[in-house]
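any chance you can model this:
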Amino acid sequence: MADEQTPELEVQAVENDAYTAMRERYAAGEELTDDDIDTIADIAVDYVRNLLSFFGETKITIDEYEGDEGELILDVTGGDLAVLIGRHGRTLDALQMVLASLMSSTLRFHYPVVVDVEGYKMRRKDKLRRLAFSAAARAKRQHSRVMLPPMNAYERRLVHIALAADDGVTTHSEGEDPSRCVVVTALRG
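Have a look, this model is predicted:
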């Protein structure tokens with residue numbers, strides 16, 4: 001009897017084999033199949049629903065779509081979700097970190113999944129892009145450097161990406177978290 005596996009263990013073994021193959025393809029730089037992404041999305045949605053149930057949010061809708069950089073975006077709508085965003089998105093960032101940890105633990109590799117609440121991150125991304133372009137214009141106009149307000153690593157990355165193609169400025173981050181910020185510097189030309 002010691003050699004027999006219970007049905008639950010057999011299912012886990014099959015799932016782990018599927019995740020292993022998915023992980024190997026992803027690590028090799030191969031594009032994941034639609035079935036792979038559906039599997040990842042299903043796992044992520046289940047985790048988000050379970051996490052939100054602790055907040056009493058059971059009547060929510062989660063839309064899934066692919067982001068500009070290949071990440072899976074889960075946009076949560078419905079209910080009273082403002083509390084999940086928190087001040088300056090900090091609660092949403094914490095939810096994001098918990099989900100990333102759960103997903104990595106389950107899949108045994110990191111696949112980018114972004115949790116958004118009622119489009120907050122998309123609006124914030126647009127706002128950061130406008131802020132970056134404005135800072136670049138001001139730095140070039142004044143032939144100086146412009147220090148942006150403190151941001152988390154994800155937001156700083158968005159600013160760096162937004163200005164990467166601008167040959168008139170360079171960007172770098174300064175300071176220590178949580179006061180780390182992006183500095184936009186005009187290049188002498």
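
I'd like to know how far the nearest residue to Val169 once chain neighbours are set aside sits from Thr58.
Take Val169 and drop its neighbours on the chain: the residue closest to it by C-beta to C-beta, 6 or more residues apart in numbering is Ala136, 4.7 Å away. Backbone N, C-alpha and C define where each C-beta goes, glycine included. From Ala136 across to Thr58, the span is 45 Å (C-beta to C-beta, to the nearest Å).

okay, the two: which has more neighbours?
Taking other C-beta atoms under 10 Å, Ala136 and Thr58 do not tie; Ala136 has more neighbours (22 against 10).

just checking, what packs against the helix or strand containing the more buried one?
Secondary structure from DSSP states H and E places Ala136 in helix 120-142. In terms of contacts (3 or more C-beta pairs under 8 Å, 6 or more residues apart in numbering; DSSP states H and E), helix 120-142 is packed against strand 145-147, helix 153-163, strand 169-174, strand 181-186.

quick one: contacts of the first one?
When you say that, I think you mean strand 145-147. Here strand 145-147 makes contact (C-beta atoms under 8 Å, 6 or more residues apart in numbering) with 135-136, 138-139, 174, 181-186.

can you add distance to Arg90 and pLDDT and give those back as TSV?
TSV is the format used below for those (distance: C-beta to C-beta, whole Å; pLDDT from 0 to 100):
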residue	distance to Arg90	pLDDT
Ala135	23	97
Ala136	27	97
Arg138	27	97
Ala139	28	97
Glu174	21	96
Cys181	16	95
Val182	18	97
Val183	23	97
Val184	24	98
Thr185	28	97
Ala186	32	95
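
so how far is Asp177 from the spatially most central residue of the chain?
Nearest to the geometric centre of the chain sits Val114, at 3.5 Å (C-alpha atoms, centre = their mean). Here Val114 is placed at a distance of 20 Å from Asp177 (C-beta to C-beta).

repeat that for Ile60.
Ile60 sits 31 Å away from Asp177, going by C-beta to C-beta.
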